[in-house]
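Q: Can you look at this prediction? I've put the sequence above it.
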Amino acid sequence: MDASRRFSPLYADKETAQEGLLHLLRQPLSVYGLSGTRWTLADLLQATHEQLRLDSLPGMSQLLHRLHISLKRARNYLHSPDAFYVEKLHTIRFHVFSVPELEWRVFLFEDELGFYRQPSLAYAYEWMGRIQPLARLGLKSNSVWRVAGLLDVWTGRVLYEQGSQISVVKLVKLYQQAVTAYPEAQTLFIAEDNWPVPAHPDVLAALQPQSFPHGLYRPSNWPTEPSPKAKRLNLPIRILFLPTYAPWTNPIEKLWKFVHQEVLHLHRFEDDWPGVKQAVTNCLDEFAQGSKELLQYVGLSDPYRLYRALPLLELPSSVTILNY
């Protein structure tokens, strides 16, 4: 029997079935109400009994063999510790799918880039031997500049704000820019990492009421209510948080990789700090109207494949509404 037939119809082929089971194996057993530190065949049968057409340990063992999954010695690795890792990605995937059928909705990924006056190191061609390519440094201090960007999942359009720091004011300006850029959209979904600024009360005050079923992280010294100066703009934006410490789940991270590859690695601006910042601006402006090439670069040439092999999970019906 083909391996995909032993899974939910969500998995169309052997490759997808393999990725789906690997996603499950990479989660703690506690996510599925099980105890222990390592998956066993018995645990797999119990966790997947509603998705797989298997009822025996030998059957599970044969399926793993067919999908080229085996016992291997571990190595040290830091992975997202988020107990809601799968659930958060399911939620984002659900809203991404709903966008193309509903013209009044837009889905964007947000992230921040910090870059420096001095060039970053990278490979470059040079004569073989002991001579190495040179990163030519300027004489001034290594200043930092920051960019907060938004990437449209379906068009590759890039919006951004920049400055010496990305403050509450800067982030609200970015959200306002997004609302202006999509005047027909009634809702803009924005997926964020767990950088705390999007959760600041003054930021949330500028948006429509939000729901955070997995809670909300803020530094302990932050206020819990908006300040008197907070702008109440009722922006039609819904914030969705990505899993903690999981940059691989945010496609815009690859946009920053592109900027480094094209502009920042081994640049020759030396002490021309305005020139470095302008070069980054010019690079981002190339995507102001969208780009199919950028979507391919960041892995979104087919957004329907985003998180495509997540294990099946029933999303919770209860949410927490925060009104500011």
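A: Received, thanks.

Q: In three-state terms, label Val147 for me.
A: Using DSSP: H, G, I helix; E, B strand; the rest coil, the three-state assignment for Val147 comes out as strand.

Q: Now do it against Tyr160, distance only.
A: In this view, Val147 and Tyr160 are 5 Å apart by CB to CB, to the nearest Å. For the C-beta atoms, the positions are set from N, CA and C on the backbone; glycine is no exception.

Q: Mutual contacts of those two, please.
A: Residues within reach of Val147 and of Tyr160 at once, by CB atoms under 8 Å, 6 or more residues apart in numbering, are Leu284.

Q: which residues sit in contact with Gly163?
A: Trp145, Arg146, Lys170.

Q: no no, Glu293
A: Residues Gly156 are the ones in contact with Glu293 under the rule CB under 8 Å, 6+ apart.

Q: That one falls within a helix, correct?
A: Yes. Membership of Glu293 in a helix is supported by three-state DSSP.

Q: Check the gap between it and Gly156 for me.
A: With distances taken as CB to CB, Glu293 is found 8 Å from Gly156.

Q: all helices for the stretch 51-200 of the chain, in order.
A: Ranges of helices in the stretch 51-200 of the chain, per DSSP state H, counting those that start in this stretch, are 57-66, 85-98, 168-181.

Q: Make CSV out of these and add mean pLDDT and distance to Leu134.
A: As requested, the helices of the stretch 51-200 of the chain are exported to CSV (pLDDT from 0 to 100; distance: least, CB to CB, whole Å):
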stretch, mean pLDDT, distance to Leu134
helix 57-66, 90, 50
helix 85-98, 90, 42
helix 168-181, 98, 35
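
Q: one step back: from the contacts of Gly163, which single one is nearest Leu52?
A: Sorting those by how near they are to Leu52, with CB to CB, puts Arg146 at the top with 46.7 Å.

Q: Can you give me every residue that contacts the closest one?
A: With contacts taken as CB under 8 Å, 6+ apart, Arg146 has the following neighbours: Glu112, Leu113, Gly114, Phe115, Gln162, Gly163, Ser164, Gln165, Ile166.
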